[in-house]
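this one's sequence-less:
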């Protein structure tokens, strides 16, 4: 179980001045600007949960994850992993956690992938029987068997991310921290990683804390989400409630082939709003209130467009809507 109590992290940033002289003065200056990355948050995560820890860029997600892993020490408050503070007893906690950072790897760059796994086997003192059982499971679930003998530097981004997930899970941690694990990946690889995470959770009751900007990751994996903004948790609850509050918001981006006047376009009784963006026109609506089929049919016949793009509500949209609610 993870317990976070009044957790705060403040970074001190030197106040820099312009030019070479300003840079030299900074070296001897005692003036600092304090940046509050995480501000007095409280959170409990039970064993076996898959929790989406989301927010906009710079909200404090990665800083919280690093404190939970023991990489950073809190300015105040505490994190407890099964009753132990990870930044004080890193070796004791390391065997219980696995971590995947989307743009970093724990694999050895110039040796075959299978050799990296063998090194991790020795580091975590995994028995031969457990190692074989887990490798079979990971190879089947993540589809990494075909490139086990390739050097890590020769792997594609999708292959490396699957390999990183396997490496993080090889010692069967009770808690898995995934920081943007699907960033930059194609649709098929993303789906494979999601299925692997669900399989691990179902078979071994692994607790998963997932940070992502991909709402599809959240919808496929998480029943609970924690939303952080400017270092403060502004929502903690079921995903279904968020969807109930904001609906199935969609944005349709089209490039009209005929001239039009926005004010003369059909708003379907006020259920559809328009926004001009350079040569494109953005149509925003709630798919629970207005049929997408009707909107697309109207766009084809009225605006004569051949190209369109449909996108769902983003993390930034969710954050903005919640903040607007709070201000109201």
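Noted; the coordinates are in hand. Remember, predicted model here, so these are calculated numbers, not experimental data. Numbers count the residues shown, from 1 in each chain.

for the chain, what's the longest helix?
Using DSSP state H to assign secondary structure, the helix with the most residues in the chain is helix 187-204.

looking only at pLDDT, what's the mean for it?
Helix 187-204 shows a mean pLDDT of 87.

tally of neighbours for residue 78?
The number of residues packed around residue 78, counting by other C-beta atoms under 10 Å, is 15. The C-beta positions use only the backbone N, C-alpha and C, and glycine is treated the same way.

same question, residue 31
Residues near residue 31, counting by other C-beta under 10 Å: 10.

tell me the spacing between the nearest residue in space to it that is not next to it in sequence and residue 35.
Nearest-residue entry for residue 31: residue 15, 4.6 Å, with adjacent residues in sequence omitted and distances by C-beta to C-beta, 6 or more residues apart in numbering. In this structure, residue 15 lies at 12 Å from residue 35, with C-beta to C-beta, to the nearest Å as the measure.

over to residue 1?
Residue 1 sits at a distance of 30 Å from residue 35 (criterion: C-beta to C-beta).

the two: who's more crowded?
Neighbours per residue (other C-beta under 10 Å) separate residue 1 from residue 35, with residue 1 holding more: 15 against 12.

quick one, what contacts the more buried one?
When contacts are counted by C-beta atoms under 8 Å, 6 or more residues apart in numbering, residue 1 is found next to 44-47, 82.

go again using 7 Å as the cut-off
Listed by C-beta atoms under 7 Å, 6 or more residues apart in numbering, the contact partners of residue 1 are 45-47, 82.

now do residue 41
By C-beta under 7 Å, 6+ apart, the neighbours of residue 41 are 4, 7, 232-233.

now do the helices in the stretch 51-200 of the chain.
Counting by DSSP state H, counting those that start in this stretch, the stretch 51-200 of the chain has these helices, from start to end: 61-69, 90-94, 113-123, 128-142, 157-169, 187-204.

related to what we said a few turns ago, hmm, the residue nearest to residue 31 is touching residue 34, no?
No: contact status for residue 15 versus residue 34: not in contact, 10.6 Å apart, counting by C-beta atoms under 7 Å.

count of neighbours near the residue nearest to residue 185 when sequence neighbours are not counted?
Distances taken as C-beta to C-beta, 6+ apart put residue 158 closest to residue 185, at 5.2 Å, once the chain neighbours are dropped. Per other C-beta under 10 Å, the neighbour tally for residue 158 reads 18.

now residue 293
The burial count for residue 293: 8, using other C-beta under 10 Å.

tell me which helix or strand comes right after whatever helix or strand it lives in.
Using DSSP states H and E, the secondary-structure element containing residue 293 is helix 292-303. Proceeding N to C from helix 292-303, the next assigned helix or strand is strand 308-312, under DSSP H and E.

chain center to stretch 136-149, what's the gap?
If you compare the mean C-alpha spot of stretch 136-149 with that of the full chain, they lie 24 Å apart, counting by C-alpha atoms, centre = their mean, to the nearest Å.

next, the buried residues of that stretch.
Of the residues in stretch 136-149, those buried by neighbour count under the rule 16 or more other C-beta atoms under 10 Å are 137-138, 141-144, 147-148.

check stretch 111-129 too.
Of the residues in stretch 111-129, those with enough neighbours to count as buried (16+ other C-beta under 10 Å) are 112-113, 115-117, 120-121, 124, 126.

including distance to residue 305 and pLDDT, could the residues you listed go into TSV?
As requested, those are exported to TSV (distance: C-beta to C-beta, whole Å; pLDDT from 0 to 100):
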residue	distance to residue 305	pLDDT
112	50	94
113	46	93
115	53	94
116	49	93
117	50	94
120	52	93
121	56	93
124	55	90
126	56	92
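
out of these, who's nearest residue 261?
Out of the buried residues of stretch 111-129, the one with the shortest distance to residue 261 is residue 113. That distance is 58.6 Å, counting by C-beta to C-beta.
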